[in-house]
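> Any chance you can model this:
(one chain, ligands or ions: 1)
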Amino acid sequence: MNDHIFIYGPPGVGKSTIGKKLAQEYQLPFIDLDQKIVGYAKKPIPKIFTEDGEAHFRQLEQECLSAAINQSPSVIALGGGALLDPENRIMAKEKGRILFLSGHLPVLINRLSSSETMRPLIASDLRQKLKSLLLKRKDHYDSFSLKCETDNRTPEEILWKIEKMLGQFFIKGMGEGYWVKVKSGGATTLGAELSALHGSCSVMLVTDDNVEPLHAGKIMDSLSTAGFETHIHTIPAGEAHKKLESVAAIWESLTTARLDRKSLVIALGGGVVGDLAGFAAATYMRGIDWINIPTTLLAMVDSSIGGKTGFDLPQGKNLIGAFHPPKFVLTDPTLLTTLPENELRNGMAEVLKHGVIDSRQLFEQCNNGFNPPDVYSEKFITEALSVKVKMVQIDPFEKGPRAALNLGHTVGHAIELLSNFQIPHGFAVAIGMVTEAKLAHKIRLTKKAFVHELTTALQQLGLPSEIPPGMDKHKILETMRLDKKTSNKQIHFALPKEIGKIEIGIVIENLEDIFESLE
Ligand SMILES: NC(=O)c1ccc[n+]([C@@H]2O[C@H](COP(=O)([O-])OP(=O)(O)OC[C@H]3O[C@@H](n4cnc5c(N)ncnc54)[C@H](O)[C@@H]3O)[C@@H](O)[C@H]2O)c1
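You can find the predicted model right below:
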């Protein structure tokens, strides 16, 4: 990440508290600009005001801001009037993103009354002075676009909201941690971004023969311009090629291009390319770093996050694999504009699943149907992928709650396999979600109204909800028992109770009878 994050807002809004927490979350240095000024002037801020005047304070503030900006990317908490000076504002805008924290007067007063920090501009008669300060700065404060309301929110809730607003997450818990960044047009500036993160080296861009002519050129250009030695390996597109032979071909290209342990693999494609390139990186020279640039909706909101890599065997999907998270996931929604509509729909099934798991807002958006331009927005993609980010953060190795992400997949995988992959993954998951919701209703976990709500939302997205007429339910059950998520021959379901509530590890007694009786 090569940008600073500036935290700005009125006195008492929590700039230092939130800034410190955000820096911890992102594992970035934290700079409290007021503290820097105190250190620089060697006296407390009230004393600078009384002895030297506000103009001198503002001068020191500008010098300290300019010094902070020249350091490595940091989270910088600014004083409540630091960006009144247009020069400071331009400086901050050029070197990072300004996040404005807002809060209403009573909340600010409450927070300031319990704070020990002395603020000269509002000392004594706090209510009146703060009120007129907010009034005076109203237009200035209103002029910031990236705003986070802090009233009635815990610091953790504010933090999560900020991460989503920035479209930037640092995923910990597996290896050293890695960035997921959502940025429209980001693919064209990959080279600069990677230089800051990794330093120049040899890279192997792995892609497929659909994506290569559409998107590889701009990425190779950006990498070469930034000084990377570039190579490309293209695999034939499609799930049928997610096999050992494709991994072996990538290994061969890596050795031919003499990539070493400091080199990088970059995956540019959907879930198939990501899984294969990630696995090749996991195993080449006992593991080298890799970067993921997902190009399908499904890969953006799902497969690019969580560190799972691997390939299929004739006996089953993803039977061989490794946890090997990328160093960086760069999600550029503009890459979706070339994706065929059926593939977008395929990804929408996973988006709806995320809505069911943890976001009423996302569910409602899906329930309103499917409008491709909305899907290409940073906001939509960030909301959709944030559910997976949250689950992976809580449970990186799928020992518990992450299993909620399997919603629709126990039945869905079996349907996908039995259709010989003629039914695409997302479509199979859509049918799986409704079938599993019906099971949940049969065991009185959920209401019939929920099954109806889910079916309607899938219909709005143009996704199926019924098991195909010719497909034998008995065979679906048999196939489910062969799935790698089955343990001790018992199928463990993740079943929906309601939106935002998924029960995991559910074993259903008399499953055969119940399953056969489903309508
Ligand atoms: N690792 C994980 O955690 C995880 C999670 C979910 C799914 N998966 C895996 O992901 C795979 C499915 O991923 P997918 O749906 O992305 O399939 P995919 O990679 O096969 O891509 C679908 C199709 O879209 C084409 N395509 C990709 N991006 C494009 C673009 N921008 N413009 C035009 N065409 C484009 C591809 O060439 C392909 O034909 C499965 O193998 C599944 O097992 C992995």
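> Now do the residue lying closest to residue 437 once chain neighbours are set aside against residue 373, distance only.
Spatial nearest neighbour of residue 437, excluding adjacent residues (C-beta to C-beta, 6 or more residues apart in numbering): residue 451 at 4.6 Å. For every residue, glycine as well, the C-beta is placed using N, CA and C. For residue 451, the distance to residue 373 equals 31 Å [C-beta to C-beta, to the nearest Å].
> Ok, residue 97 next?
Distance, residue 97 to residue 373, using C-beta to C-beta: 24 Å.
> Neighbour count: those two, which is higher?
A count of neighbours by other C-beta atoms under 10 Å puts residue 97 above the other of residue 97 and residue 373, at 15 against 8.
> Isn't that one up against residue 7?
No. Using C-beta atoms under 8 Å, residue 97 is not in contact with residue 7, being 10.1 Å away.
> and the nearest residue in space to residue 349 that is not next to it in sequence, what does it touch?
Take residue 349 and drop its neighbours on the chain: the residue closest to it by C-beta to C-beta, 6+ apart is residue 426, 3.5 Å away. Contacts of residue 426 were listed using C-beta atoms under 8 Å, 6 or more residues apart in numbering, and they are 298, 345, 346, 347, 348, 349, 350, 463.
> export the residues you listed to JSON lines and tack on secondary structure?
Below are these laid out as JSON lines (DSSP: H, G, I helix; E, B strand; the rest coil):
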{"residue": "298", "secondary structure": "helix"}
{"residue": "345", "secondary structure": "helix"}
{"residue": "346", "secondary structure": "helix"}
{"residue": "347", "secondary structure": "helix"}
{"residue": "348", "secondary structure": "helix"}
{"residue": "349", "secondary structure": "helix"}
{"residue": "350", "secondary structure": "helix"}
{"residue": "463", "secondary structure": "coil"}
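> out of those residues, who's nearest the ligand?
The ligand has its nearest neighbour among these in residue 298, at 3.8 Å by C-beta to the nearest ligand atom.
> quick one: that closest one from residue 5, how far?
Taking C-beta to C-beta as the measure, residue 298 falls 30 Å from residue 5.
> Which positions in the stretch 301-450 of the chain make contact with the ligand?
Applying C-beta under 6 Å from any ligand atom, we find that the stretch 301-450 of the chain lies next to the ligand at 302, 303, 306, 308, 317, 318, 335, 338, 339, 343, 346, 425.
> who wins for most neighbours among those?
With neighbours taken as other C-beta under 10 Å, the top of these is residue 335, carrying 28 neighbours.
> With adjacent residues omitted, what lies nearest to it?
Residue nearest to residue 335 in three dimensions, not counting chain neighbours: residue 295, with 4.7 Å by C-beta to C-beta, 6+ apart.
> Count the neighbours of residue 16 for me.
Residues lying near residue 16 (other C-beta under 10 Å) number 18.
> Tell me the secondary structure at it.
Secondary structure for residue 16, judged by three-state DSSP, is helix.
> how much space is there between it and residue 321?
Using C-beta to C-beta, residue 16 is found at 43 Å from residue 321.
> And for residue 240?
18 Å.
> So if I had to pick from the two, which one is more boxed in?
The neighbour comparison of residue 240 against residue 321 (other C-beta under 10 Å) goes to residue 321, with 16 against 12.
> if we can go back for a sec, I'd guessed the residue nearest to residue 335 sits against residue 337; true?
No. Checked against C-beta under 8 Å, the pair residue 295 and residue 337 is beyond contact range at 10.5 Å.
> ok, these two, which is more surrounded?
Higher neighbour count among residue 295 and residue 337: residue 295, with 28 against 11, using other C-beta under 10 Å.
> so who does the more buried one touch?
With contacts defined as C-beta under 8 Å, 6+ apart, residue 295 is in contact with 211, 215, 268, 269, 270, 273, 335, 336, 339.
> Run through the bridge partners of the fourth one.
In this structure, residue 269 has the following beta-bridge partners (DSSP bridges): residue 294.
> Quick check: the gap between it and residue 175.
According to C-beta to C-beta, residue 269 and residue 175 sit 22 Å apart.
> the more surrounded of the two?
Set residue 269 next to residue 175 and count neighbours by other C-beta under 10 Å: residue 269 wins out with 30 against 16.
> and the stretch 151-300 of the chain, which residues reach the ligand?
For the stretch 151-300 of the chain, the contact set with the ligand under C-beta under 6 Å from any ligand atom comprises 208, 210-211, 214, 237-239, 242, 269-273, 275, 295-296, 298-299.
> Let's see which of those residues end up in strands.
Using DSSP state E, the subset of these located in strands is 208, 269.
> Validate this expectation: the residue nearest to residue 349 resides in a helix.
Yes. The assignment for residue 426 is a helix, going by three-state DSSP.
> The stretch 101-250 of the chain: helices as residue ranges?
Here the stretch 101-250 of the chain has its helices, by DSSP state H, counting those that start in this stretch, at 105-113, 126-136, 138-142, 155-166, 190-198, 211, 217-225, 244-256.
> could you redo the ones you listed as TSV and give each row mean pLDDT, mean neighbour count and distance to residue 385?
Formatted as TSV, these follow (pLDDT from 0 to 100; neighbours: other C-beta atoms under 10 Å; distance: least, C-beta to C-beta, whole Å):
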stretch	mean pLDDT	mean neighbour count	distance to residue 385
helix 105-113	87	16	31
helix 126-136	89	15	36
helix 138-142	97	12	30
helix 155-166	96	17	10
helix 190-198	89	19	18
helix 211	98	22	19
helix 217-225	97	17	20
helix 244-256	98	16	26
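> Out of the ones you listed, which is closest to residue 231?
Relative to residue 231, the nearest member of the helices of the stretch 101-250 of the chain by C-beta to C-beta is helix 244-256, separated by 6.9 Å.
> what sits up against the closest one?
Helix 244-256 has contacts (C-beta under 8 Å, 6+ apart) with 204, 206, 231, 233, 235-236, 263, 265, 276-277, 279-280, 283-284, 311, 313, 320.
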